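S.K.: below are the sequence and a predicted model for it; my questions follow.
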Amino acid sequence: MTNGILLALIAYASYSCSDAVIKSLGGQFTVFEIGFFVTLFSGFFLLFTRPKGERWRDFWRTKRPWAVQARTWAGIASGVLGVYAFTTIPLAEAYALIFLAPLCVTVLSTVILKEKVGPWRWLAVVAGFAGVMLVVQPGFRELHLGHLAAFSVAFLAATSIILTRSLAQQEKRTTMLGVLVGCALVFNGIAAAATSFKLPDARQLVWFVISGAFTSCGQFLQLLAVKYAPANRIAPTHYSQIVWAVILGALFFQEYPDWLSLIGLAVVGASGLLTMVREEVRLGTVRWNPLSRTRL
């Protein structure tokens, strides 16, 4: 189990490094160009993570095409908005808002899945929003569209999670991932060409490759971690990204959260952990990890 948890920690560190690279590219390219190139190189590396018994050439065969497409476009939208958030606001603030996703799942599950939600999970929702208020501090610091984008990512990620629950036993992973990558490339490519597309130079191209490699490495290590430890033991390691957001933001972007923000980040992390402890999701014999990467 220790090996699985260590692999998961490295996976989420890889995701955070990818987000930091994306942030560094802000201002040099549009969000669509960044989305296109990061998806392109992520998709290339993810070709090597095909599960046994599945074939990439059959990814387009779906049993519930409308649900798969809904999940895909929720992922694409969250990807575009995520790039915008990372490139316009501090990493710690972006993560604090995006990490509301598990709490949004709680709210949406009562409406869509008709799940019963107990007082502890509602307490976690309230505490999570309170933690975000401590981080963002509306009224005391200027809010940007990036904050709205990050919150939208949380909502879209929660929508994608709800759809993933309903598709988990019916669709192959290559199907859901292949459709997402294919549609994301087409959408971002067209949007980039329609706005202000420019070819990256050699140095910038290397950074795009690095970001894609970090994302696919995180995906691969996350899948590998599940082989060594139960998903419900691995899921809490997702909140290590809060620590990485503070470290990377301070080291590379001179972003130093004050003590209220640090308390807020701790509250957001604690509320998310409480949500996972109280929420048990079973799909047949599969326990679904509520914090898997849902955006590229």
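M.R.: That came through fine.
S.K.: any idea where the helices of this structure begin and end?
M.R.: 2-24, 31-46, 65-88, 91-98, 101-111, 119-136, 145-167, 173-194, 202-228, 231-234, 240-253, 259-278 (DSSP state H).
S.K.: most tightly surrounded among the ones you listed?
M.R.: helix 91-98 (a mean of 26; mean count of other CB atoms under 10 Å). In this view, the C-beta of every residue, glycine as well, is placed from N, C-alpha and C.
S.K.: using PDB, write out every CA atom in that helix.
M.R.: Provided in PDB are the C-alpha atoms of helix 91-98 (Å, rounded to 0.1, in the frame of the first residue of the first chain):
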ATOM      1  CA  LEU A  91      -1.800  29.000  -8.400                       C
ATOM      2  CA  ALA A  92      -3.000  28.600  -4.800                       C
ATOM      3  CA  GLU A  93      -6.200  30.600  -5.400                       C
ATOM      4  CA  ALA A  94      -6.900  28.600  -8.600                       C
ATOM      5  CA  TYR A  95      -6.400  25.300  -6.800                       C
ATOM      6  CA  ALA A  96      -8.600  26.400  -3.800                       C
ATOM      7  CA  LEU A  97     -11.500  27.100  -6.200                       C
ATOM      8  CA  ILE A  98     -11.000  24.000  -8.400                       C
END
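S.K.: for it, packing partners?
M.R.: Applying 3 or more CB pairs under 8 Å, 6 or more residues apart in numbering; DSSP states H and E, one finds that helix 91-98 contacts helix 2-24, helix 65-88, helix 119-136, helix 145-167, helix 240-253, helix 259-278.
S.K.: can I get those helices in a markdown table including distance to residue 201?
M.R.: Listed next are the helices and strands packed on helix 91-98 as a markdown table, based on distance: least, CB to CB, whole Å:
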| stretch | distance to residue 201 |
| --- | --- |
| helix 2-24 | 15 |
| helix 65-88 | 19 |
| helix 119-136 | 36 |
| helix 145-167 | 26 |
| helix 240-253 | 20 |
| helix 259-278 | 36 |
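S.K.: can you pull the pLDDT of residue 124?
M.R.: For residue 124, the pLDDT comes out at 77.
S.K.: now the nearest residue to residue 71 once chain neighbours are set aside: how far from residue 67?
M.R.: Among residues not flanking residue 71 along the chain, residue 163 sits closest, at 4.1 Å (CB to CB, 6 or more residues apart in numbering). To residue 67, residue 163 is 6 Å away according to CB to CB, to the nearest Å.
S.K.: with residue 82 instead?
M.R.: Taking CB to CB, one finds residue 82 at 22 Å from residue 67.
S.K.: what residue ranges in the stretch 151-296 of the chain score low on pLDDT?
M.R.: Residue ranges of the stretch 151-296 of the chain with pLDDT under 70: 165, 168, 226, 230-233, 235, 275-296.
S.K.: and stretch 22-39, end to end?
M.R.: Terminal residues of stretch 22-39 lie 12 Å apart, using CA to CA, to the nearest Å.
S.K.: quick one: contacts for the nearest residue to residue 46 once chain neighbours are set aside?
M.R.: With CB to CB, 6+ apart as the criterion, residue 46 has its nearest non-adjacent residue at 4.8 Å, and that residue is residue 216. By CB atoms under 8 Å, 6 or more residues apart in numbering, the contact list for residue 216 reads 41-42, 44-46, 49.
S.K.: can you check residue 54 too?
M.R.: Residue 54 is in contact with 172-174, counting by CB under 8 Å, 6+ apart.
S.K.: considering the residues you listed, which is situated nearest to residue 136?
M.R.: Nearest to residue 136 among those is residue 173, at 34.9 Å by CB to CB.
S.K.: ok, the nearest residue to the closest one once chain neighbours are set aside - contacts?
M.R.: Nearest residue to residue 173, sequence neighbours excluded (CB to CB, 6+ apart): residue 51, at 5.7 Å. Residue 51 sits next to 172-174 when contact means CB under 8 Å, 6+ apart.
S.K.: okay if I get the contacts of residue 216 as JSON lines plus pLDDT?
M.R.: As requested, these are arranged in JSON lines below (pLDDT from 0 to 100):
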{"residue": "41", "pLDDT": "94"}
{"residue": "42", "pLDDT": "90"}
{"residue": "44", "pLDDT": "88"}
{"residue": "45", "pLDDT": "85"}
{"residue": "46", "pLDDT": "80"}
{"residue": "49", "pLDDT": "73"}
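S.K.: looking at those, which is nearest residue 256?
M.R.: Nearest to residue 256 among these: residue 42, at 30.2 Å, using CB to CB.
S.K.: quick one: that closest one and residue 185 touch, right?
M.R.: No: using CB atoms under 8 Å, residue 42 is not in contact with residue 185; the gap is 10.1 Å.
S.K.: cheers, nothing more for now.
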